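1. Here is the input, now give the coordinates:
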Amino acid sequence: MDNNQLKGISEERLLEQKEYLGSEKLINKITPLVSVCVATYQHVGYIAQTLDGILMQKTTFSVEIIVGEDGSTDGTIEICKKYAEENPDRIRLYLRDRSESLIYDENKVAIGYCNWIWTLQEARGKYIAICEGDDYWTDPYKLQKQVEFLGKNPDYGLVHTNLMQYWQAADKYVEMRKDVKSGYILDELLFWNKISTLTVLVRRELIMSAIEEEVILPNFVAMDYPLWLYVSTKSKIHHLEDFTGVYRSLPESASNSWDVVKKRNFDNFIHNIRIKFAKQYDKMDIIMGLLIDFRKNDLSFSFHYNFPDIAKEAYRFLSENHCLSFRDRLLYYGATNKFAKAILKPILSLKKGK
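-> As a prediction, this is how the structure comes out:
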């Protein structure tokens, strides 16, 4: 299925989506300055905290909350309905049929989903914020501060902040202080995604343009990263030092998985997006650096998940380009020899922790 087909199916089905409680609610009769988009699925234990963090925002402007509920079976739907019924002046809820929001290939295998994009496309505000159904905001002035900045700085298209990361398995909070400059930061973003989705406020026109230009598509395993790369090619990006929310790190997600194939597909997708943008925006001078980073990550991946063939290819590439470090060599030996791995694993873990 090509990109045009994916986009066409998504847009056709979007027209069929109906708003819970209709379109005559109070929130539908005002023009919001900010749209907060919440995509949720199987988040019964988290979605109330997500919505509470948005509803507590103190602003001098109108805000709409758009919830895209993607056919959960764990009770998330009932919570979303309750919040929508209690807040008809704030919330617009869409209850998706997951059989319609998922896109399948010719073998009836699900290859993507539309809920994230559809929820963005329903936004009416000048600015869009995003908080997925397992994350939450902690700063009641998050939106106010970000709107004030973008209002005073028309050359900036996106503003983001620091955050806390909650490791659920360990019941532990860690500060995620982003070491990132403000301005035109495409080069920096190509090496590391320093923008956390739950912290952003972005101009709506940039997101709609990205959707129209197929920068993000339903079959992408990650839609936020290519979106931020795109925004960085069109405008400046600003980083606020404030801590405004919590990212919940779950044992299983798109970017964090026990499924080795899923993890490998995610890593490959991110690498390919980086190379695509580097070529498209004439960043040829940093492509080699991206390739080297990817191959070094391959060695680490191969060491931890036992993929000697990937390790051999990575070792060959790094050797030919004269960029093998001592640690790279150790990872290679461990990835291709189980006895070496048993000896090296505690050494490399200690080295990484320093």
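2. so where's the stretch 251-354 of the chain shaky on pLDDT?
-> Scanning the stretch 251-354 of the chain for pLDDT under 70 picks out the ranges 251-257, 350-354.
3. Please enumerate the strands of the protein.
-> Using DSSP state E, the strands of the chain run over 34-40, 63-69, 91-95, 102-104, 110-113, 127-130, 136-137, 156-167, 172-176, 201-203, 236-249.
4. Next, the angle from the last one to strand 156-167.
-> In this case it means strand 236-249. 20 degrees (axes from the mean of the first three to the mean of the last three CA atoms, to 10 degrees).
5. do the same with the second one
-> Interaxial angle of strand 63-69 relative to strand 156-167 (the same axes, to 10 degrees): 50 degrees.
6. Check which helices and strands strand 63-69 is in contact with.
-> strand 34-40, helix 47-55, helix 76-86, strand 91-95, helix 115-121 (3 or more CB pairs under 8 Å, 6 or more residues apart in numbering; DSSP states H and E). C-betas here are computed from N, CA, C, even on glycine.
7. Looking at the strands of the chain, which is nearest to residue 21?
-> strand 91-95 (7.2 Å; CB to CB).
8. helices and strands around the closest one, which ones?
-> So strand 91-95, by 3+ CB pairs under 8 Å, 6+ apart, packs with strand 63-69, helix 76-86.
9. Can you add distance to residue 278, mean pLDDT and mean neighbour count and give those back as a markdown table?
-> A markdown table is the format used below for those (distance: least, CB to CB, whole Å; pLDDT from 0 to 100; neighbours: other CB atoms under 10 Å):
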| stretch | distance to residue 278 | mean pLDDT | mean neighbour count |
| --- | --- | --- | --- |
| strand 63-69 | 32 | 98 | 25 |
| helix 76-86 | 39 | 98 | 18 |
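10. Which of the ones you listed sits closest to residue 47?
-> Counting by CB to CB, residue 47 lies closest to helix 76-86 out of the helices and strands packed on strand 91-95; the figure is 5.3 Å.
11. Direction-wise, compare the closest one with strand 34-40 and give the angle.
-> Using the same axes, to 10 degrees: helix 76-86 against strand 34-40 is 150 degrees.
12. which residues sit in contact with residue 220?
-> Contact analysis of residue 220 by CB atoms under 8 Å, 6 or more residues apart in numbering lists 112, 226, 269.
13. Ignoring the adjacent residues along the chain, who's closest to the residue nearest the centre of the chain?
-> When CA atoms, centre = their mean is applied to the chain, the residue found nearest the centroid is residue 224 (3.8 Å). Leaving out its chain neighbours, the residue that sits closest to residue 224 by CB to CB, 6 or more residues apart in numbering is residue 197, at 4.5 Å.
14. Near the one you found, how many other residues are there?
-> 21 (other CB atoms under 10 Å).
15. next one: residue 237
-> Neighbour count of residue 237, defined by other CB under 10 Å: 26.
16. check contacts around residue 120.
-> Taking CB under 8 Å, 6+ apart, one finds 37, 128, 130, 207, 211 in contact with residue 120.
17. ok, which pair from those is furthest apart?
-> 130 and 211 (13.5 Å).
18. which one of those two has more residues nearby?
-> residue 130 (24 against 20).
19. which residues touch the more buried one?
-> Under the criterion of CB under 8 Å, 6+ apart, the neighbours of residue 130 are 36-39, 120, 197-198, 200, 224.
20. can you check residue 274 too?
-> Contacts of residue 274 by CB under 8 Å, 6+ apart are 190-191, 229, 290.
21. from those residues, which would you call buried?
-> Among the contacts of residue 274, those classed as buried by 16 or more other CB atoms under 10 Å are 190, 229, 290.
22. now the residue sitting furthest away from the middle of the chain: how far from residue 112?
-> Most distant from the centre of the chain: residue 339, at 38.2 Å, with distances by CA atoms, centre = their mean. Residue 339 sits 42 Å away from residue 112, going by CB to CB, to the nearest Å.
23. Which parts of the chain are helices?
-> For the chain, applying DSSP state H gives helices covering 3-14, 47-55, 76-86, 98-101, 115-121, 142-152, 186-191, 204-212, 224-234, 260-280, 284-305, 308-320, 326-336, 338-353.
24. what are the C-alpha coordinates of the longest one, in PDB please?
-> Read that as helix 284-305. What follows is helix 284-305 as a C-alpha-only set of coordinates in PDB (Å, rounded to 0.1, in the frame of the first residue of the first chain):
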ATOM      1  CA  MET A 284      25.000  15.800   3.500                       C
ATOM      2  CA  ASP A 285      27.900  16.800   5.900                       C
ATOM      3  CA  ILE A 286      26.200  15.000   8.800                       C
ATOM      4  CA  ILE A 287      24.900  11.900   7.100                       C
ATOM      5  CA  MET A 288      28.200  10.000   7.800                       C
ATOM      6  CA  GLY A 289      27.800  10.900  11.500                       C
ATOM      7  CA  LEU A 290      24.200   9.500  11.500                       C
ATOM      8  CA  LEU A 291      25.400   6.300   9.800                       C
ATOM      9  CA  ILE A 292      28.200   5.900  12.400                       C
ATOM     10  CA  ASP A 293      25.800   6.400  15.300                       C
ATOM     11  CA  PHE A 294      23.400   3.900  13.800                       C
ATOM     12  CA  ARG A 295      26.100   1.200  13.400                       C
ATOM     13  CA  LYS A 296      27.400   1.800  16.900                       C
ATOM     14  CA  ASN A 297      23.800   1.300  18.200                       C
ATOM     15  CA  ASP A 298      23.700  -1.900  16.100                       C
ATOM     16  CA  LEU A 299      26.600  -3.200  18.100                       C
ATOM     17  CA  SER A 300      24.900  -2.500  21.400                       C
ATOM     18  CA  PHE A 301      21.700  -4.000  20.100                       C
ATOM     19  CA  SER A 302      23.400  -7.100  18.800                       C
ATOM     20  CA  PHE A 303      25.300  -7.600  22.100                       C
ATOM     21  CA  HIS A 304      22.100  -7.400  24.200                       C
ATOM     22  CA  TYR A 305      19.800  -9.300  21.900                       C
END
